[in-house]
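J.: Predicted model and sequence follow; I will ask about them next.
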Amino acid sequence: MPDEDLALVRRLVDAWNDNDWTQMAAALDDDVVGVPPEGWPEGGSDAHGPKEILRQFERLKDSWEEERVEPREIREEGGEIVVDAVWVTRGHGSGIELQVPVSIRVTARGGKIIRAEFGVDDSGARPPG
């Protein structure tokens, strides 16, 4: 796995946390596929292409007053890049904060992300502290 692919995924996480839509789009291949977590409430179907994926990202981000992804580990595994992280959120109005374990399995080729599978461990969601 080239170091460039690991750096690409790190840049994508940074772009997510910075709400940098231009950098997020730049990381995605024209034919990228985004696979939502199992049981995902918003349709649950794969997103195809950068526009569709970014639309899903924007909808998700708009659901929270604040949110960020805190990577715990980014590693190569079987030719893919795996991000184990905690998604830290604070709700609009309620101010309720959650920390949810998440994972992202990324396939990259030619300096672009061609597939990203997202996982959420709802059983591990908890208030901070």
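T.: Happy to help now that I have it. None of these values were measured; they are calculated from a predicted model.
J.: Now the helix ranked longest in the chain: buried residues?
T.: Of all the elements of type helix in the chain, the one with the most residues (DSSP state H) is helix 3-17. For helix 3-17, burial by neighbour count (16 or more other C-beta atoms under 10 Å) applies to 5-6, 8-9, 12-13, 15-16. In short, each C-beta sits where N, CA and C put it, glycine included.
J.: Turn those into CSV, including distance to V120 and pLDDT.
T.: Formatted as CSV, those follow (distance: C-beta to C-beta, whole Å; pLDDT from 0 to 100):
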residue, distance to V120, pLDDT
D5, 23, 90
L6, 23, 92
L8, 22, 95
V9, 18, 95
L12, 18, 95
V13, 16, 96
A15, 20, 97
W16, 15, 96
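J.: Could you export the residues you listed as a markdown table, including distance to T107?
T.: What follows is the buried residues of helix 3-17, written out as a markdown table (distance: C-beta to C-beta, whole Å):
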| residue | distance to T107 |
| --- | --- |
| D5 | 9 |
| L6 | 13 |
| L8 | 11 |
| V9 | 10 |
| L12 | 13 |
| V13 | 16 |
| A15 | 18 |
| W16 | 18 |
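J.: ok, those residues vs E76, which is closest?
T.: Checking those against E76 with C-beta to C-beta, the nearest one is L6 at 6.9 Å.
J.: ok, residues contacting stretch 24-39?
T.: For stretch 24-39, the surrounding residues in contact (C-beta atoms under 8 Å, 6 or more residues apart in numbering) are 8, 11-12, 15-16, 42-50, 52-54, 56-57, 109-110, 112-120.
J.: Restricted to strands, list those.
T.: Judged by DSSP state E, the subset of these located in strands is 47-48, 109, 112-120.
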